[in-house]
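A.B. asks: Quick one, what's the 3D model for this:
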Amino acid sequence: QQQQQQQPSSQQPDSGVSGDQVSSASDRDTDSDEEVAKPREASNKAMSKRLKIVHEILSTEKAYVDSLTKLMKVFYAAMSNSSHRCHLPQDTLNSIFSNSPELLDLHANFLSQLNTRVEHWEEDRGVGDLFKTIVPHLKRYTTYSTNFDVANAVLEEWRKNPVFGPALKELEAQPECNKLPLSAFLLEPIQRIPRYKLLLQEYLRKTDESHPDHAVASDALLMIGNLMVEVNESIRRRENSQKMLDIQSMMSVHILAHDRTLLLHGNLSKMCRKGVQERVVMLFSDIMVYAQEYVAITTQYVSPHVVPLKDIMRATTPAPVPGIAHPIHVLSSKDKSFVLCARNREEQRVWVEGINSAIERHTGRKLDQDVNHEDNFGHVAPVWIPDAGVSMCQLCMVEFTVFRRRHHCRGCGMVVCGQCSNHSVPLAYLDNKPGRVCFECFEKSSASKGVKDPASRLSVLEVCNRTRERALERKASKRQGSKEKLIASATGDDVIHSGYMTRQQKFNSARRFYVLKNNFLLLCFNAPQDQVAQSKCPMPGYKVERGKVDYSTGEFSFKLSHPGATNYTFLCDSEPDMELWIRMLTLAGMATLPNDETGDDKTYVDRLSKVLPMDDISEEESEAPSGGMTTPTTETPAETEIPAETEGAKTLPDVSAHRVSREVEI
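C.D. replies: Numbers count the residues shown, from 1 in each chain. Down below sits the predicted model:
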């Protein structure tokens, strides 16, 4: 066509076609050739990139084989030579080098195949078939990977040897080692399989899907991915076995089993009968163990308690209780349930999810979202309230003494006296053996239907109610005050702040549980679960002053002072606890409630104005309530009946019993 275009017009044959028509036809043919050449050029570029990746695979394989060769010729040869200063016993050599000689032979053969393939490169072939052939032999890396941590530990131990250590440094300083330590050469096999995966992924990106080697390389990549999962799983099993061996060496209970794995291991607190105590908790695939950690020359786990997961119904996160910010209830259908205490919310979440998921995997049952003790009475072991949590019977409110002992109800876990727990009923979680229960649980059980007390011919619940009333009358008369004013709870929505403090006195200092209510009463309880307060003190009018702070002795104190009233000095457990008490009591002294949401504290008068008009507030003075603590002489609100809430207003104490002027000095 180009020759025809170059011919003069006079020499062209007279075919009836003009020169312009011939020229346009030639242009169309040229465009057609360019369109054919563009995909061919793109295909050539893709082939060159694909071949470039193959060369990279070859170069990295050469470097890897060279590294293994140095490992064997420089280090292994010297350490196996009995005349060399680096000589080690054969079992030590096996621990350090594992199956490195086998890996060297394997990859030397693979390198030879890659060299042959690149030298006789054909575009319709690739390297996918070579990888697919070698992947089954790469399972040898499982042995090397599981032994890697042991190899490093043995090597570091031998480095401390005064003869072996300097001799090893001389080997590492040789020119062929490129100033790399032995540990760097030992790390190379660990990184090789992930490197194969990355190279094959890049190779597939440069290979067209229509190419014959694309499907083969994809299969090889999938096989390498499965191999990596298998190697990682073997490493995890090895680490788990080593951890279980370490735990077994510290415990007297046999916990080793071929199908048992360790899921969680950590230090938590446990609610015991004598209070909160530190425990080591271990969650396995089929059991849960907690024990005391005893640290002497070696660490030992003493008094271990094993709980099978099949006997645990579920783990729950109940509301925080006094002294426990992040509780974990482990509800059991055998023996008894118990409470663990986490350090923070994240740790609480991890343990609850771990326990519940382990139960589901082991038992194959779907856990109930909520376990109702009312519906499962006798089938779920209750959580026992600690002995230190109460100082009186939780039913009749009679104080415990040396002769009036504490008894735990096997039905609900409350601490009651002997008179309130003189019945037994069969309980399912005790294999239908009789368990001691309180009057209320006995009333719930089917065994109490139609049962009458032989002395009074009344139902057991009526006997319990009469016993409770008599106990309250004795308590009220003992305190010389109205019993309704002393009955209170240490928990609830009306609690502003609570915690243990020690009231400092001249002759005796008592550690008690104090609760600040939203009606500005500071109540004193012997224990957090008590139903009757020992004393109370209205806080408005009191001033709070910081006392002595001594970090060496752990003394953090503050003072409550009021003109014409008794002054108090309290010791706190920590400085943050002291600062929080100071803030809360300072606001209470000004008759102000803290508002956590807006940060705007509301005064007592501000709250009253939302419920009643200022003209309706009584101006009459009322007598200050008496109690175990001295009541200040100024006009202060006391604990009385709470009126019904009006729409959109907060619940407030009855204002008819207090004198609140329109102009209040705070």
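
A.B. asks: How is Leu51 assigned, secondary-structure-wise?
C.D. replies: Of the three states, Leu51 takes helix under DSSP: H, G, I helix; E, B strand; the rest coil.

A.B. asks: what's the nearest residue to it if we skip its chain neighbours?
C.D. replies: Nearest residue to Leu51 in three dimensions, chain neighbours excluded: Trp121, at 6.7 Å (Cβ to Cβ, 6 or more residues apart in numbering). For every residue, glycine as well, the C-beta is placed using N, CA and C.

A.B. asks: Surely the one you found is in contact with Lys52?
C.D. replies: No: taking contacts as Cβ atoms under 8 Å, Trp121 lies outside contact range of Lys52: 11.8 Å.

A.B. asks: Show the end-to-end separation of stretch 164-180, please.
C.D. replies: Stretch 164-180 has an end-to-end distance of 17 Å (criterion: Cα to Cα, to the nearest Å).

A.B. asks: What of stretch 78-85?
C.D. replies: Start-to-end, stretch 78-85 (Cα to Cα) is 8 Å.

A.B. asks: Low-confidence regions, this structure specifically.
C.D. replies: 1-47, 320-323, 368-376, 446-487, 489-491, 596-666 (pLDDT under 70).

A.B. asks: Could you pull out the strands in the stretch 251-400 of the chain for me?
C.D. replies: 262-272, 275-284, 287-295, 299-308, 312-316, 327-332, 338-341 (DSSP state E, counting those that start in this stretch).

A.B. asks: Who does Thr502 form a beta bridge with?
C.D. replies: Arg511, Leu571 (DSSP bridges).

A.B. asks: what's around it, how many residues?
C.D. replies: Using other Cβ atoms under 10 Å, Thr502 has 16 other residues around it.

A.B. asks: One more: Cys396?
C.D. replies: The number of residues near Cys396, taken as other Cβ under 10 Å, comes to 24.

A.B. asks: Pretty sure it sits against Cys417.
C.D. replies: Yes: with contact defined as Cβ under 8 Å, Cys396 reaches Cys417; the gap is 6.4 Å.

A.B. asks: Quick check: Leu523 vs Gln242, distance?
C.D. replies: Leu523 is 53 Å from Gln242, where distance means Cβ to Cβ, to the nearest Å.

A.B. asks: ok, the two, which is more surrounded?
C.D. replies: A side-by-side neighbour count of Leu523 and Gln242, using other Cβ under 10 Å, places Leu523 first with 27 against 13.

A.B. asks: returning to what we had before: now list whatever residues contact both of Trp121 and Lys52.
C.D. replies: Counting by Cβ atoms under 8 Å, 6 or more residues apart in numbering, Trp121 and Lys52 have no common neighbour.

A.B. asks: next structured bit after whichever strand or helix holds Pro576?
C.D. replies: According to DSSP states H and E, Pro576 maps onto helix 575-589. Downstream of helix 575-589, the first helix or strand assigned by DSSP H and E is strand 592-593.

A.B. asks: Enumerate the sheet neighbours of that following strand, specifying parallel or antiparallel for every one.
C.D. replies: Strand 592-593 has these strand partners (DSSP bridges): strand 602-603 (antiparallel).

A.B. asks: can you put the strands of the stretch 251-400 of the chain in JSON lines and add distance to Leu155 and mean neighbour count?
C.D. replies: Conversion of the strands of the stretch 251-400 of the chain to JSON lines gives the following (distance: least, Cβ to Cβ, whole Å; neighbours: other Cβ atoms under 10 Å):
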{"stretch": "strand 262-272", "distance to Leu155": "26", "mean neighbour count": "17"}
{"stretch": "strand 275-284", "distance to Leu155": "31", "mean neighbour count": "18"}
{"stretch": "strand 287-295", "distance to Leu155": "29", "mean neighbour count": "17"}
{"stretch": "strand 299-308", "distance to Leu155": "26", "mean neighbour count": "15"}
{"stretch": "strand 312-316", "distance to Leu155": "43", "mean neighbour count": "21"}
{"stretch": "strand 327-332", "distance to Leu155": "42", "mean neighbour count": "21"}
{"stretch": "strand 338-341", "distance to Leu155": "40", "mean neighbour count": "21"}
